[in-house]
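Peer 1: Below: sequence and its predicted model.
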Amino acid sequence: MDKYYEYPHTVGFEETNIVGNVYYVNYLRWQGRCREMFLKTHAPDVLADLQADLKLFTLRVDCEFFAEITAFDELAIRMRLLDLGQTQLEFGFDYLRLDPGGETLVARGSQRVACMRGPNTRTAPTRVPDALVRALEPYAVLRTVTT
């Protein structure tokens, strides 16, 4: 069984539209929140580095939906490392509704991130920090070397 980092979330009214379905943008927000909480919990050195000159630029996000969710649904957003390159990472996210009878996969997404350093006007690609690589190792599904 794959290991994953799990971020729990309860859907609120503000995350739904007039019909009661969750807005698409919230799935993407939850990816970012899951990633942030992972850094806080498992890679605090990277958080300190982000306050210096490290930047994690999101290059691409996607999300595919399988079932609707509504206000007060209990979710588990599970993050895995799909790809680890020299300067980029790709995360996979499974969104599961936690029901009394079990779990239902309601969506699946991914996020590609580039590591950059330097002032905002002159950033340059940089290697994925060692502290982040070490923190993500237990959550790796596939390890490849790309860009």
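Peer 2: That came through, no problem.

Peer 1: quick one: average pLDDT of the longest helix seen in the chain?
Peer 2: Identified as the longest helix of the chain according to DSSP state H is helix 24-42. If you average the pLDDT over helix 24-42, you get 96.

Peer 1: Counting by contacts, list what that helix packs against.
Peer 2: Helices and strands touching helix 24-42, by 3 or more Cβ pairs under 8 Å, 6 or more residues apart in numbering; DSSP states H and E, are strand 5-10, helix 44-51, strand 54-65, strand 74-84, strand 88-99, strand 102-117, helix 130-136. Glycine gets a C-beta too; all of them are placed from N, C-alpha and C.

Peer 1: Show me the one of those that comes nearest residue 23.
Peer 2: Among those, the nearest to residue 23 by Cβ to Cβ is strand 54-65 (11.6 Å).

Peer 1: Output the below-cut-off pLDDT ranges for the chain.
Peer 2: Residues of the chain meeting the criterion pLDDT under 70: 1-2, 142-147.

Peer 1: one step back: figure out which of the helices and strands packed on helix 24-42 is closest to residue 37.
Peer 2: strand 5-10 (5.3 Å).

Peer 1: Relative to the closest one, what are the paired strands and their orientations?
Peer 2: strand 74-84 (antiparallel) (DSSP bridges).

Peer 1: thinking again about what came up before, how about the longest helix of the chain: buried residues?
Peer 2: Buried residues in helix 24-42, counted by 16 or more other Cβ atoms under 10 Å: 26-28, 30-31, 34-35, 37-39, 42.

Peer 1: picking that back up, dump the helices and strands packed on helix 24-42 into TSV; add distance to residue 19 as well.
Peer 2: Output for these, formatted as TSV (distance: least, Cβ to Cβ, whole Å):
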stretch	distance to residue 19
strand 5-10	19
helix 44-51	38
strand 54-65	15
strand 74-84	19
strand 88-99	17
strand 102-117	16
helix 130-136	38
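
Peer 1: Can you lay out those as TSV showing mean neighbour count and distance to residue 17?
Peer 2: Below are the helices and strands packed on helix 24-42 laid out as TSV (neighbours: other Cβ atoms under 10 Å; distance: least, Cβ to Cβ, whole Å):
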stretch	mean neighbour count	distance to residue 17
strand 5-10	16	18
helix 44-51	14	33
strand 54-65	14	14
strand 74-84	20	17
strand 88-99	20	17
strand 102-117	17	16
helix 130-136	17	34
